[in-house]
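Colleague: quick one: sequence and predicted model below, then my questions.
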Amino acid sequence: MECLKYRKLITYYVDGELCEVQEDALLKHIAKCSNCKTALKNESALKLYIKDSYEKSCDIDISSQVMAKIRSEYTSENLSENKNNIKKLGLFSAAAILMVFFSAVSLFHITGNDFFVAKKEKDQLEHFVYEHMEETSADREQAFELTSVNFKK
Amino acid sequence: MNDSQLIDKVLAGDNNSFELIIIKYQRKLYATVLNIVKDADFAQDIVQDAFMKAFEKLSSLRNRNQFYPWVKRIAINCALLSFEKNKRMVDVGNNSGDEEKGDDFFDRITDYANPEEDLLNDELKKFVRRFVDSLPDKLRVVIILREVEEMSYEEIAEMLNIPVGTVRSRLFNARQYIKQRLINQGFVDGMSKVS
């Protein structure tokens, strides 16, 4: 019954995955139990057999295939990247031209309006000043005349 | 030239240096993947994919002297993923017939070896391989990663995304299963006493 407890520990022991306390307990048990000692030997042997029964290295050469794939994928990727860059550049240029065109149109439109507005305002101002100047000068003349009348009086 | 220097050259734009890395590791990596998927063509595809992925993500590799463990991880992950999807399992061990290996065995016998012992060991390994290959995938992958790839319990747990306790129990169950089958086959007398 006690051996069953140690059977799992033997598996972990051969894997080097036991803590110090468990390892001490297992080794003490194995020292007095021949069945568990055999189990330990079998477990170690099985580990070795599994390891040896599998290939660690196989004769194969895929380097040229992988490199061909890398070259083709990365070249085509570069080409498509260049195409994308050219596309982007074209779009950017078109956008820039349109922007300049619309800016010019709007600028002309604004400047034209300002010109007419300014011209109209200038005419009105001139008219206003002219009218007022006329009024002022007439009043002044009248006033001057009155004053002079008074003096004369 | 070490891995780190080769990787530096690749990252500087010399793609041809990557070929030297492939030549260095392809055999080991292929053997690892083949042990997991058990199909030569499938394994070859996976190794190619792994190298392609490694090439694409090379700049993300922090420790450049750890290229092989890194690419092995990529390959095993690819293998496990494709493995789950396709389930294209072919028993390569059974395909390599006894007759084919017969000549190799006699070639390998040396003067100082005990022929009977060699024969027994060779037979035993053949059966062990067959029993491991016939394990359910969950147990088989864990035991290959542990015994052949020498990965720790933690590494296996991380790679398979399972708890360490599950790795332990799967390993234990897998070994019990193989031992039981060896006993049934009449190979190990001593095992019958303790299993």
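Modeller: Thanks, I have the structure now. Residues are numbered from 1 along each chain as shown, chains lettered A, B, ... in the order given.
Colleague: use CA for all of it now, contacts and neighbours both
Modeller: Noted.
Colleague: got the domain ranges for chain B?
Modeller: Using automatic domain parsing, the domain ranges for chain B come out as B:3-86, B:135-194.
Colleague: now chain A
Modeller: Per automatic domain parsing, the structural domains of chain A span A:1-53, A:94-153.
Colleague: reformat the domains of chain B as TSV; add mean neighbour count and distance to chain A.
Modeller: Putting these into TSV (neighbours: other CA atoms under 10 Å in any protein chain shown; distance: least, CA to the nearest CA, whole Å) gives the following:
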stretch	mean neighbour count	distance to chain A
domain B:3-86	18	5
domain B:135-194	17	5
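Colleague: output the ones you listed in a markdown table; the columns should cover mean pLDDT.
Modeller: Below are those laid out as a markdown table (pLDDT from 0 to 100):
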| stretch | mean pLDDT |
| --- | --- |
| domain B:3-86 | 90 |
| domain B:135-194 | 86 |
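Colleague: sec struct for the residue of chain A found nearest chain B, please.
Modeller: Proximity of chain A to chain B (CA to the nearest CA) peaks at A:Ser57, 4.5 Å away. Three-state assignment for A:Ser57 (DSSP: H, G, I helix; E, B strand; the rest coil): coil.
Colleague: surely it and B:Lys28 touch.
Modeller: Yes. Using CA atoms under 8 Å, A:Ser57 is in contact with B:Lys28, at 4.5 Å.
Colleague: skipping adjacent residues, who's closest to B:Ala174 in space?
Modeller: Nearest residue to B:Ala174, sequence neighbours excluded (CA to CA, 6 or more residues apart in numbering or on different chains): B:Leu139, at 5.7 Å.
Colleague: how about the most centrally placed residue in chain B, phi and psi?
Modeller: Nearest to the mean C-alpha position of chain B, by CA atoms, centre = their mean, lies B:Thr32 at 3.4 Å. Torsion angles at B:Thr32 (phi, psi; degrees, to the nearest 10) stand at phi -60, psi -50.
Colleague: circling back to that earlier point, and the domains of chain A: which comes nearest B:Pro163?
Modeller: domain A:1-53 (15.0 Å; CA to CA).
Colleague: and chain B, is that closest one touching that?
Modeller: Yes. Judged by CA under 8 Å from any CA of the partner chain, domain A:1-53 comes into contact with chain B at A:8, A:11-12, A:35-36, A:38-39, A:42, A:46-47, A:49-53.
Colleague: my guess is the residue nearest to B:Ala174 contacts B:Leu171. True?
Modeller: Yes. Under the criterion of CA under 8 Å, B:Leu139 makes contact with B:Leu171 at 6.7 Å.
Colleague: helix or strand for A:Asn84, which one?
Modeller: Assigned by DSSP states H and E, A:Asn84 belongs to helix A:63-152.
Colleague: please disregard the earlier target; I meant B:Asn35.
Modeller: Taking DSSP H and E as the criterion, B:Asn35 maps to helix B:17-37.
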